[in-house]
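Novice: okay, predicted coordinates and the sequence, questions at the end:
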Amino acid sequence: MNPWRRLAQKAAPGFGRVELLLSRLGHPEEGLPVIQVAGTHGKSSVVGFLEAVFCAAGVRVGVCLSPDFPDPAEAVRLEGKPVPALVLSSLLSAALEPFEEFVFGPGKPTMQEALLAVALAHFARSGVEVVVLEASAGNRWDPTNFLRPCLSLLTRVEGGENTRALAWETAQLARPGIPLLTTAMEDAALESLARRSRAAGAALVLVDPEDVELLELRWEKAVWRSRSDPFQLGPFETPFMAAYQAPNLSLALSCLAELFGGFPLSREAVRQGLSQVELPGRFELLFEEPWVVVDAAQDLPSAQAVLRSLERLPLGVGQRFLLLAHPEERLAWDMASLLRPAFSGVEVLAPWELPLHVPRALRRLSSGDFLLILGPHAALREVKGVVRGAS
């Protein structure tokens, strides 16, 4: 039986399930240096920046992302490479037996709990030197909060009218004696973080989200500069990416500076890692002349960030077209209304329609045109296959 099918889609709040899983796996979390990354926007990008730098520095790094993949094993990487699905499935099968202890005890584990436990077990057995975990925002019972990380990072916290409540839940990741670095400068978020950090005895470190600024954006690369410049990089390069990555780069560099001394993080390793980072679905360039970019923006704050990034596109672009897919029709049209002035043509679709419409959209493009495709990660994975097949 596929062990992943035995998991619960939802479960009652609590850490009992992840604790039982970890105990059956020999408590692999003990002794592992963990960096926890939470927030509503940008956390997977921060994870990607850190992973790339650690790999460039020769540090054996394990990464576990939120399980938003058809195959859960795709969310777990060791030294930048996916961990074989069979390895994780075998660990999970062992951790679930006897299954009755879950059913009549804390309940069936969720996908996120199971993935975290088996990822940590594999990392411990593989001798990793540091683990980077992506956490969900607004959930004090996120399984990563059961752990005691060496650092916690928090990106933006935005939830519209629910921002204050979301920030308070997210602030529960503050723990005694553990530095909490954040670029969350929203008033509601800062108030909650400050109160919780004081109560927990956590060291709250505010990171200027504008510390890193975009100097130049070309199709082949982006050039940035850090005002604080902890590694004395001067201007540094990344692959082509959106201007909205500046706060995420600011947080990643601050995290690396905190870790300096404990890991071999030289200036050359930081520069090399950032120049080679890959951020799938984050203003990702798929094709050149015509230019085709995909992005997983799925709410209004993300759409606004995309809009600001469009202003920094290299010169020489012809007409601009937008394909926008979202499972919620009303939100899709709200996003389209916000973005429409920046495009010659806008088409709103259901996510399942997106891969079907891409070939027609590609055929109508001239050499200098620009096509932006927004949609959920699952739809974008199919889109990338269509675009690359057309090329």
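Specialist: Good, I have the coordinates.
Novice: in which helix or strand does residue 68 reside?
Specialist: Here residue 68, judged by DSSP states H and E, is contained in no helix and no strand.
Novice: then residue 231?
Specialist: Using DSSP H and E, no helix or strand contains residue 231.
Novice: could you check how far it is from residue 284?
Specialist: 26 Å (Cβ to Cβ, to the nearest Å). The C-beta positions use only the backbone N, C-alpha and C, and glycine is treated the same way.
Novice: can you check residue 343 too?
Specialist: Distance from residue 343 to residue 284, by Cβ to Cβ: 18 Å.
Novice: which parts of stretch 174-190 are buried?
Specialist: By 16 or more other Cβ atoms under 10 Å, the buried positions in stretch 174-190 come out as 174-175, 178-184, 186, 188-190.
Novice: contacts only, for the spatially closest residue to residue 9 that is not a sequence neighbour.
Specialist: Leaving aside its chain neighbours, residue 9 sits nearest to residue 110 (7.2 Å; criterion: Cβ to Cβ, 6 or more residues apart in numbering). Neighbour list for residue 110: 7, 8, 9, 10, 11, 17, 143 [criterion: Cβ atoms under 8 Å, 6 or more residues apart in numbering].
Novice: Three-state assignment for the fifth one, please.
Specialist: Spelled out, that is residue 11. Using DSSP: H, G, I helix; E, B strand; the rest coil, the structure places residue 11 in coil.
Novice: quick check: it touching residue 17?
Specialist: Yes - Residue 11 is within contact range of residue 17, at 6.5 Å (criterion: Cβ atoms under 8 Å).
Novice: which one of the two has more residues nearby?
Specialist: Applying other Cβ atoms under 10 Å to residue 11 and residue 17 shows that residue 17 carries more neighbours, namely 24 against 18.
Novice: mind splitting this structure into its structural domains?
Specialist: For the chain, automatic domain parsing gives the domain ranges 3-276, 284-390.
Novice: what about the host helix or strand of residue 87, average pLDDT?
Specialist: Using DSSP H and E, residue 87 maps to helix 85-96. Helix 85-96 shows a mean pLDDT of 94.
Novice: next structured bit after that helix?
Specialist: Sequence-wise, the next helix or strand downstream of helix 85-96 (DSSP H and E) is helix 100-103.
Novice: now do the shared contacts for residue 11 and residue 17.
Specialist: What both residue 11 and residue 17 touch, as defined by Cβ under 8 Å, 6+ apart, is the set 107, 108, 109, 110, 113.
Novice: mind listing the helices for this protein?
Specialist: 16-24, 43-56, 85-96, 100-103, 111-125, 163-170, 187-200, 246-259, 267-276, 300-310, 329-339, 354-363, 377-390 (DSSP state H).
Novice: the second one packs against which elements?
Specialist: It refers to helix 43-56. Packing contacts for helix 43-56, counted by 3 or more Cβ pairs under 8 Å, 6 or more residues apart in numbering; DSSP states H and E, involve strand 34-38, strand 61-64, strand 130-134, helix 246-259, helix 267-276.
Novice: now do the first one: everything it contacts.
Specialist: When contacts are defined by Cβ under 8 Å, 6+ apart, strand 34-38 is touched by residues 43, 46-47, 50, 130-137, 142, 144-145, 147-155, 170, 173, 255.
Novice: do the same with the longest one
Specialist: Contacts with helix 246-259, where a contact means Cβ under 8 Å, 6+ apart, come from 35, 42, 45-46, 49-50, 53, 151, 153, 155-156, 179, 181-183, 205, 207-214, 224, 226, 228, 230-231, 238, 265, 270, 274.
Novice: recalculate using a threshold of 6 Å.
Specialist: 42, 45-46, 49-50, 153, 181, 183, 207, 209, 211-212, 214, 226, 230, 265 (Cβ atoms under 6 Å, 6 or more residues apart in numbering).
Novice: please apply the same query to the second one.
Specialist: Taking Cβ under 6 Å, 6+ apart as the criterion, the residues outside strand 61-64 that touch it are 51, 54, 76, 77, 78, 119, 123, 128, 130, 131, 132, 133.
Novice: now stretch 185-199
Specialist: By Cβ under 6 Å, 6+ apart, the list of residues contacting stretch 185-199 reads 157, 163, 164, 167, 168, 171, 174, 204.
Novice: which one of the residues you listed is nearest residue 91?
Specialist: residue 174 (30.6 Å; Cβ to Cβ).
Novice: pull the number of nearby residues for the closest residue to the closest one other than its chain neighbours.
Specialist: Nearest non-adjacent residue to residue 174, counting by Cβ to Cβ, 6+ apart: residue 202, 3.9 Å away. Counted by other Cβ under 10 Å, the residues lying close to residue 202 total 20.
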